Structures are given as C-alpha cells and as structure tokens.
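1. can't give you the sequence, but here's the structure:
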C-alpha cells in the first residue's frame, strides 16, 4: 500500500459558512478571508483547513454530487512537477510513468508514457513518487 507523507490541505464542505467559520474561530483559529469569500482558509501547524460551499467544492473537485459524496477532499502538494514520477488510476492498478504539465490557472495535465484504458472524468488520479503519495486530483474532461 502506498505511504502518504502528509496531508497538506483538507477541504471540508459546509451548508452554513458563517456557522462553520464561527466554530473554527471559536477554537482560536483565524483566517484572513473576508466575510463573503467563497472559501475560508485556516492555517494550522502543518496543514491548511479550507471551508467550502458544498456545491462549489463538488464543482472544483469535478464530482457529481448525487448525495453519496462525502464532501471532503484531501491534497498533498509537491514543490515541483518533477517530484511526480507515476500516477495510479485505480486502487489495485500498477502505477504508470507520467510527466506533469502545470497551467497558469493551476490545473495540470498528465502525460502518460503508455496508454491507459477506461479513464473517465470523476476518477481520482493518485500522484506518486516511488511508493509515496505526493498528490491527488480528480480527472476532468479531456482538453
């Protein structure tokens, strides 16, 4: 099983941003977000917690929210695209060698060294370096 070096961001959905923000601020956390911002970020030691409106988080995560989605996403970021060596597209699949191309808007394209069958929007792509997970993303529509 791949090892996870650390979760650097946890995005949590909320139906009531004002109440959720007050809960975390009541624990002593602070955010620089304005009252009407779509996302409220809290910096904690070693991790960012981000509060999102559920629909906005589903859209950002490229998830069809039919009620079974938990409304939480995790991210583990790398310093450079070169740190990603392979991608795992299914839990029991072999990692595929790849290269990461980052766009100005922060989205990425993966260039695979070999064809992958059955890849579809909404699937999770697990980015790897050796046997460690270094990131994840939800597969969107082909460009």
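-> Cool, got the structure. Because the structure is predicted, anything quoted here is derived from the model rather than measured. Numbering: from 1, shown residues only.
2. can we go C-alpha only for contacts and neighbour counts from here?
-> Noted.
3. pull the helix or strand with minimum mean pLDDT from the protein.
-> Between all helices and strands in the chain, the lowest mean by mean pLDDT, DSSP states H and E belongs to strand 3-4, at a mean of 42.
4. next secondary structure after it?
-> Per DSSP states H and E, the first helix or strand lying C-terminal to strand 3-4 is strand 9-14.
5. ok, that following strand: who's next to it in the sheet?
-> Here strand 9-14 is paired, per DSSP bridges, with strand 47-53 (parallel), strand 72-75 (antiparallel).
6. which parts of it are buried?
-> For strand 9-14, the buried set under the neighbour-count rule, 16 or more other CA atoms under 10 Å, comprises 9-14.
7. now the residue lying farthest from the centre of the chain: how far from residue 88?
-> Distance from the C-alpha centroid of the chain, by CA atoms, centre = their mean, peaks at residue 26 (26.3 Å). Distance, residue 26 to residue 88, using CA to CA, to the nearest Å: 39 Å.
8. got a list of contacts for the lengthiest helix in the chain?
-> If you go by DSSP state H, the chain has its longest helix at helix 17-26. Contact with helix 17-26 is made by 14, 30, 35, 40, 51-53, as judged by CA atoms under 8 Å, 6 or more residues apart in numbering.
9. identify the farthest-apart pair in the residues you listed.
-> With CA to CA as the measure, no two of those lie farther apart than 30 and 53, at 18.5 Å.
10. buried among the contacts of helix 17-26? Make that a ChimeraX selection.
-> A single ChimeraX command selects the buried members of the contacts of helix 17-26 (16+ other CA under 10 Å):
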select :14,30,40,51,52,53
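11. in a markdown table: the contacts of helix 17-26, plus pLDDT and distance to residue 79.
-> As requested, the contacts of helix 17-26 are exported to a markdown table (pLDDT from 0 to 100; distance: CA to CA, whole Å):
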| residue | pLDDT | distance to residue 79 |
| --- | --- | --- |
| 14 | 84 | 29 |
| 30 | 88 | 26 |
| 35 | 86 | 31 |
| 40 | 88 | 23 |
| 51 | 87 | 24 |
| 52 | 82 | 25 |
| 53 | 80 | 28 |
